[in-house]
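Participant: Structure of the sequence below:
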Amino acid sequence: MTPCYMRFLPLGADLSGQVSGSYRFDLVALSIIVASLAAFTALLIEEMLSTSSSPAQHRAWLAAGAVSMGCGIWCMHFLGMLAFQLPFPVHYDPLITLVSLLPGIAASGIALHFISRRDISFGRANLGGILMGGGIGVMHYTGMAAMLMPADMAYAPVTFALSLVVAHVLATASIFVKFTLQRLEWNNPLPSRIIGGVLMGLAVAGMHYTGMASAHYFPVAGAPAAVAGIGLRELGFFVLLGTVLLIALTIAAVYVSKRLRRASLTIERLVESAPDAIVTVDPEGRICLVNLQTERLFGYDRREILGKPVEVLVPERLRERHDDHRADYAARPRTRSMAIDLPLFCRRKDGSEFPAEISLSYEKTERGLFVTSLIRDVTDRLQMQTRMRQSEKLSAVGQLAAGVAHEINNPLGVILGFAQGMAHGLKAGDPLELPIRSIERESLRCKTLVQDLLTFARTSKSEKEPLEFNPAVEQAVALAAAQAKMSRVKVETALEPGLPRILGNKNQIQQIVVNLAKNAIDAMPDGGTLTVRTRLQPASPQAWVRLEVADTGTGIPPDLKQRIFEPFFTTKPVGQGTGLGLSLVNEIVRKHSGDLEVESGPGGTTFIVRFPAKDPAAPR
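Facilitator: Residues are numbered from 1 along each chain as shown. Predicted coordinates for the structure are as follows:
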């Protein structure tokens, strides 16, 4: 017997000589289950397609899904044929049977291509349905043509065309259903995949059984009952077994891949969120991996440095030595932890350098040695250590100065008392007047310095009381006005009336104003304007009384701005300043639970002092 190549019955043909077959509904159900399982597998692979990290990975999953689903459709076809019972034996041509698998794989690949998109239009869904349904139809009718039996087979044209329409409509509908379920955004995607798999399986089965209904069988008189070919039962068994194994392996591969991907994403997130810069270098010394902190720390976009020599992150003055160090490390790799005592430096994109701690680890692979560096910017830490050492020195100097001041305070008072007494008894023109007045003046200056030292070093609380702020400020400004006039500095005040009182020590508040005013006057050697402002700064839960002392001088250099409150730090010539003025201001503000800020630029400097308002809601 020859294969049943496609023939069509003429319209109105006599069907009295045909034989009819019957279905085993258990095998029909099994065929639908296999088709649905194959479609479910395709939907699992669709997720892998949409999250593929590379074109090669995308193509690999597309091929795997097409083969898996195509084999499932192919298996469904032969299970459906096995379910159809004819009154004579049926065998299959091996070559045509094998060829019939190809359209099923192609149709599955087309389906996966369309359903792996994020969204789809009606036109593209319709095109996908035509291609997918056509591929399934070609597979079905090629498989039917492989039948070897003692009968002729012909197709009714109307039912044949209807089977293709059913294949197109159901394929298009299954694509639309997939995207409809996707838009529901269920927390668990498994139910939507099961529903989608069942609907796609029904689409394949619907086409198959409609196509089977279009076939008519006419026995051939004298044809042998046994023909050469593969028996239907054997074919169905091996196809089913192979397909189930293939689908099971595909599902297992998908779940293993998802678990590996989740683990990989977890590691990737940990690397990206690491607080230290992470740089991995390949055996050729080129950067092959960086994290987000590397971009932040060095100022590069990762695309700018991936594939570049690691020396781009090394200062130019150290690159030659770094080559030697890298060669030595490659010869004798070892893990190195971060250590502060190693003087290491890195280079940013803008050419600036920063001190760094760098740990090294390595991994030997078939390609060679990969080295991973963890890099930490220690600029802030080193600056803090420097400040701590300076603070310790200043603390020791302060204690020593306070002790010295305490010891000389009493004898200084005796000297000043005798000098004032002698000065009081002098007559005009006395030759001792000048030296005694000089002793009195210098003793007063020394006593003021001693009092400043004692005030700065004293830890005891000063007496505080509810204080009207503006009157205290006015009196302090009046004290500084004489010096301002001599220095050609104009004094302006803008004191907001009705300020609430603060809890403070009047003398210390005035000392703040006087010290800040004197510093402002000294900052304007060629004259300028000194402005003193007060105002209420509402805030919740604490309102503040705000004092601003501003000058129009040259401003404070940025590199000195952080040091101006250090004890004994001064930029004035020797003998013109002790470096305690701003330190004393800072200490008094702190003892009053206030805060102190400074804003400085080329147009001048403004010191901003805030004190907690005692009762901002009280009548002012």
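Participant: and the longest strand anywhere in the chain, how far from the chain's centre?
Facilitator: With secondary structure taken from DSSP state E, the chain has its longest strand at strand 353-365. Relative to the chain's own centre, strand 353-365 is displaced by 22 Å; criterion: C-alpha atoms, centre = their mean, to the nearest Å.
Participant: Give the other helices and strands that that strand contacts.
Facilitator: For strand 353-365, the elements it packs on are strand 344-347, strand 368-377, helix 379-425, judged by 3 or more C-beta pairs under 8 Å, 6 or more residues apart in numbering; DSSP states H and E. No exception for glycine: its C-beta is placed from N, CA and C like everyone else's.
Participant: so where do the helices sit in the stretch 501-620 of the chain?
Facilitator: 506-522, 558-561, 581-591 (DSSP state H, counting those that start in this stretch).
Participant: can you tell which of the ones you listed is closest to residue 21?
Facilitator: Closest to residue 21 of those is helix 558-561 (C-beta to C-beta; 95.0 Å).
Participant: Residue 269 - how many residues pack around it?
Facilitator: Neighbour count of residue 269, defined by other C-beta atoms under 10 Å: 10.
Participant: can you map out the helices along the stretch 201-350 of the chain?
Facilitator: Counting by DSSP H, counting those that start in this stretch, the stretch 201-350 of the chain forms helices over residues 232-273, 292-298, 302-305, 319-331, given from the N-terminal end onward.
Participant: Then the stretch 1-150 of the chain?
Facilitator: 25-50, 55-83, 94-99, 101-115, 122-145.
Participant: deepest of the helices of the stretch 201-350 of the chain, which one?
Facilitator: Most buried of the helices of the stretch 201-350 of the chain, by mean neighbour count (mean count of other C-beta atoms under 10 Å): helix 292-298, with a mean of 19.
Participant: Distance from that helix to the middle of the chain?
Facilitator: Offset of helix 292-298 from its chain centre (C-alpha atoms, centre = their mean): 11 Å.
Participant: Contacts for it, please.
Facilitator: Outside of helix 292-298, the residues that reach it under the criterion C-beta atoms under 8 Å, 6 or more residues apart in numbering are 272-279, 300-302, 305, 313, 346-349, 375, 377.
Participant: filter the residues you listed to the buried ones?
Facilitator: Buried by 16 or more other C-beta atoms under 10 Å: 276-279, 300, 305, 313, 346-347, 375, 377, out of the contacts of helix 292-298.
Participant: Residue 374 reaches residue 277, doesn't it?
Facilitator: Yes: applying C-beta atoms under 8 Å, one finds residue 374 in contact with residue 277, separated by 7.2 Å.
Participant: and the helices and strands packed on strand 353-365, which one's lowest on average pLDDT?
Facilitator: Across those, the stretch with the lowest average pLDDT is helix 379-425; it has a mean of 70.
Participant: Can you lay out the helices of the stretch 1-150 of the chain as JSON lines showing mean neighbour count?
Facilitator: Listed next are these as JSON lines, based on neighbours: other C-beta atoms under 10 Å:
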{"stretch": "helix 25-50", "mean neighbour count": "22"}
{"stretch": "helix 55-83", "mean neighbour count": "22"}
{"stretch": "helix 94-99", "mean neighbour count": "15"}
{"stretch": "helix 101-115", "mean neighbour count": "23"}
{"stretch": "helix 122-145", "mean neighbour count": "21"}
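Participant: Dump those to CSV, plus distance to residue 492 and mean pLDDT.
Facilitator: Formatted as CSV, the helices of the stretch 1-150 of the chain follow (distance: least, C-beta to C-beta, whole Å; pLDDT from 0 to 100):
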stretch, distance to residue 492, mean pLDDT
helix 25-50, 69, 80
helix 55-83, 72, 80
helix 94-99, 100, 84
helix 101-115, 76, 79
helix 122-145, 75, 81
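Participant: Take the ones you listed and lay them out in TSV including distance to residue 546.
Facilitator: As requested, the helices of the stretch 1-150 of the chain are exported to TSV (distance: least, C-beta to C-beta, whole Å):
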stretch	distance to residue 546
helix 25-50	58
helix 55-83	63
helix 94-99	90
helix 101-115	66
helix 122-145	66
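Participant: Compare those and give me the one nearest residue 257.
Facilitator: Going through the helices of the stretch 1-150 of the chain one by one, with C-beta to C-beta as the measure, helix 25-50 comes closest at 6.3 Å.
Participant: Packing partners of the closest one?
Facilitator: By 3+ C-beta pairs under 8 Å, 6+ apart, helix 25-50 packs against helix 55-83, helix 101-115, helix 157-183, helix 190-213, helix 232-273.
Participant: Dump these into CSV; add distance to residue 589 as well.
Facilitator: Shown next, in CSV, are these (distance: least, C-beta to C-beta, whole Å):
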stretch, distance to residue 589
helix 55-83, 63
helix 101-115, 69
helix 157-183, 61
helix 190-213, 65
helix 232-273, 40
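Participant: The ones you listed: which one's closest to residue 493?
Facilitator: Among those, the nearest to residue 493 by C-beta to C-beta is helix 232-273 (53.4 Å).
Participant: That closest one - what's its average pLDDT?
Facilitator: pLDDT averaged over helix 232-273 equals 72, rounded to a whole number.
Participant: and residue 515, what pLDDT?
Facilitator: For residue 515, the model assigns a pLDDT of 86.
Participant: What spatial separation is found between the residue nearest to it when sequence neighbours are not counted and residue 207?
Facilitator: Excluding the flanking residues, the one nearest residue 515 by C-beta to C-beta, 6 or more residues apart in numbering is residue 581, at 4.5 Å. For residue 581, the distance to residue 207 under the criterion C-beta to C-beta, to the nearest Å works out to 94 Å.
Participant: Those two: who's more crowded?
Facilitator: Between residue 581 and residue 207, counted using other C-beta under 10 Å, residue 207 has the larger neighbour count: 27 against 22.
Participant: Nearest to residue 32, out of the helices of the stretch 501-620 of the chain?
Facilitator: Closest to residue 32 of the helices of the stretch 501-620 of the chain, according to C-beta to C-beta: helix 558-561, at 78.2 Å.
Participant: Contacts only, for the nearest residue to residue 112 once chain neighbours are set aside.
Facilitator: Excluding the flanking residues, the one nearest residue 112 by C-beta to C-beta, 6+ apart is residue 65, at 4.8 Å. Applying C-beta under 8 Å, 6+ apart, we find residue 65 in contact with 41-42, 45-46, 48-49, 108-109, 112, 250.
Participant: mind putting these in JSON lines, distance to residue 607 included?
Facilitator: Converted to JSON lines, the contacts of residue 65 look like this (distance: C-beta to C-beta, whole Å):
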{"residue": "41", "distance to residue 607": "74"}
{"residue": "42", "distance to residue 607": "73"}
{"residue": "45", "distance to residue 607": "69"}
{"residue": "46", "distance to residue 607": "67"}
{"residue": "48", "distance to residue 607": "64"}
{"residue": "49", "distance to residue 607": "65"}
{"residue": "108", "distance to residue 607": "77"}
{"residue": "109", "distance to residue 607": "75"}
{"residue": "112", "distance to residue 607": "71"}
{"residue": "250", "distance to residue 607": "74"}
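Participant: So residue 153: helix, strand or coil?
Facilitator: For residue 153, the secondary structure call by DSSP: H, G, I helix; E, B strand; the rest coil comes out as strand.
Participant: Looking at the helices of the stretch 1-150 of the chain, which is nearest to residue 284?
Facilitator: helix 55-83 (22.5 Å).
Participant: least reliable of the helices of the stretch 501-620 of the chain going by mean pLDDT?
Facilitator: helix 558-561 (a mean of 76).
Participant: quick one: buried residues of it?
Facilitator: Buried positions in helix 558-561, judged by neighbour count with 16+ other C-beta under 10 Å: none.
Participant: and if you look at stretch 8-22?
Facilitator: Along stretch 8-22, the positions that meet the burial threshold by neighbour count (16+ other C-beta under 10 Å) are 9, 18.
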